[in-house]
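Undergrad: Need coordinates for the following:
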Amino acid sequence: IAKNVKQYCERSKINVVEDWPAYSPDLNPIESVWALLQYNVSLMGGATTRDELINVTRQAWNDIPLEKINRFVMRFEAKLREVRNTHGKQVVK
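TA: Numbering: from 1, shown residues only. Below is the predicted model:
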């Protein structure tokens, strides 16, 4: 983190995750939610108009149980720990 940004965060009492991997979309819970939403939209078939796309996307969003979104968020710490333990290297399972 740049020195002035770090100082601002400290003054503003903003918690910062140290040693965050530079580019890690797999750690960001919203990326998992977006992928699930995209999958759900694709299952509903194609939309031919803007309004149809909006309606299909809303329905796909409403079909995602809140518990599933919560699981993505709750797994964050475990995924971050795994990345730190492997020094950012992908583990093939």
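Undergrad: Check what pLDDT the residue nearest to P25 when sequence neighbours are not counted gets.
TA: In space, and not counting its chain neighbours, P25 is closest to E31: 4.5 Å by Cβ to Cβ, 6 or more residues apart in numbering. All C-beta atoms are positioned from the backbone trio N, CA, C, and that covers glycine. With respect to pLDDT, E31 scores 88.
Undergrad: can I assume E31 is in contact with L37?
TA: No. The pair E31 / L37 is not scored as a contact, 10.7 Å apart, by Cβ atoms under 8 Å.
Undergrad: Any buried residues in the lengthiest helix in the chain, and which?
TA: For the chain, the helix that runs over the most residues, judged by DSSP state H, is helix 29-43. Buried residues in helix 29-43, counted by 16 or more other Cβ atoms under 10 Å: 29, 32-33, 36, 40-41.
Undergrad: Now distance to A60 too, for those residues, in JSON lines please.
TA: Formatted as JSON lines, those follow (distance: Cβ to Cβ, whole Å):
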{"residue": "P29", "distance to A60": "18"}
{"residue": "S32", "distance to A60": "15"}
{"residue": "V33", "distance to A60": "11"}
{"residue": "L36", "distance to A60": "9"}
{"residue": "N40", "distance to A60": "4"}
{"residue": "V41", "distance to A60": "5"}
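Undergrad: from these, which is closest to E77?
TA: Of all the buried residues of helix 29-43, P29 has the smallest distance to E77: 10.9 Å, by Cβ to Cβ.
Undergrad: Distance check, the closest one against K6.
TA: Between P29 and K6 the distance is 25 Å, computed by Cβ to Cβ, to the nearest Å.
Undergrad: Kindly report the same for A47.
TA: According to Cβ to Cβ, A47 and K6 sit 45 Å apart.
Undergrad: for R84, same thing?
TA: Note on R84: its distance to K6, by Cβ to Cβ, is 20 Å.
Undergrad: quick one: the lowest-mean-pLDDT helix or strand in the chain to helix 29-43, angle?
TA: Between all helices and strands in the chain, the lowest mean by mean pLDDT, DSSP states H and E belongs to helix 76-85, at a mean of 82. Relative orientation of helix 76-85 and helix 29-43, computed by axes from the mean of the first three to the mean of the last three Cα atoms, to 10 degrees: 110 degrees.
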